[in-house]
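**Student:** please find the sequence and the predicted model below.
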Amino acid sequence: MERTRFFRRPVFWFLLVAFGAIALIYYFTSRDSYTDVETSVALERLGQGNIESVLIEDREQVIKIDLAEPMTVDGRETTQIQANYMANIGAQLWDQVQTAQQEGRITGTVDTEVTQESVWTSMLVMLLPVALIVILLLLFMSQMQGGGSRVL
């Protein structure tokens, strides 16, 4: 009997929606295995060579480099590094990557990507605050139905 009361309380539904939103956000955010480095380190690696592939994500302003040989970053070895770059040096970065490919320092592919935001993610971001406000209103209204003895 006490268990059914617990599931009828608005606090339970508020927590359920909050955990569901956190789970959806965690699910939709990408987690890749690239190690963050400083931009100068990534540009230095472009000059050194031994690079398998380069991907420039224009919207996020990130360059992702797959290395042929592992390098040590923060005490661990990795073959995938990424760095952020400023918007106004995108064209210069592309020229530097093209030069590295022509000189043979990049053995694989060079690609750019302009990512599109998911419709479901944008809807979730827009509807989540509305859902939280509605749940809070329902919570307050159910508390007020108990009579004058309880305030909120």
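**Tutor:** Received, thanks.
**Student:** name the surrounding residues that touch stretch 41-49.
**Tutor:** The set of residues external to stretch 41-49 that reach it, using C-beta atoms under 8 Å, 6 or more residues apart in numbering, is 51, 54, 63, 65, 67, 71, 73, 81-83, 93, 96-97, 100, 103-106. The way it works is simple: take the backbone N, C-alpha and C, and place the C-beta from them, glycine included.
**Student:** do the same with stretch 92-108
**Tutor:** With C-beta under 8 Å, 6+ apart as the test, stretch 92-108 has contacts from 43, 46-54, 56, 63, 66, 68, 85, 110, 112.
**Student:** sitting in strands, which of those residues do you find?
**Tutor:** 51, 52, 53, 54, 56, 63, 66, 68, 110, 112 (DSSP state E).
**Student:** the helix or strand where residue 99 lies: which residues count as buried?
**Tutor:** According to DSSP states H and E, residue 99 maps onto helix 90-102. Burial within helix 90-102, assessed by neighbour count using 16 or more other C-beta atoms under 10 Å, is assigned to 93, 94, 97, 100, 101.
**Student:** just give me the closest of those to residue 22.
**Tutor:** The shortest approach to residue 22 among the buried residues of helix 90-102 belongs to residue 93, at 35.2 Å (C-beta to C-beta).
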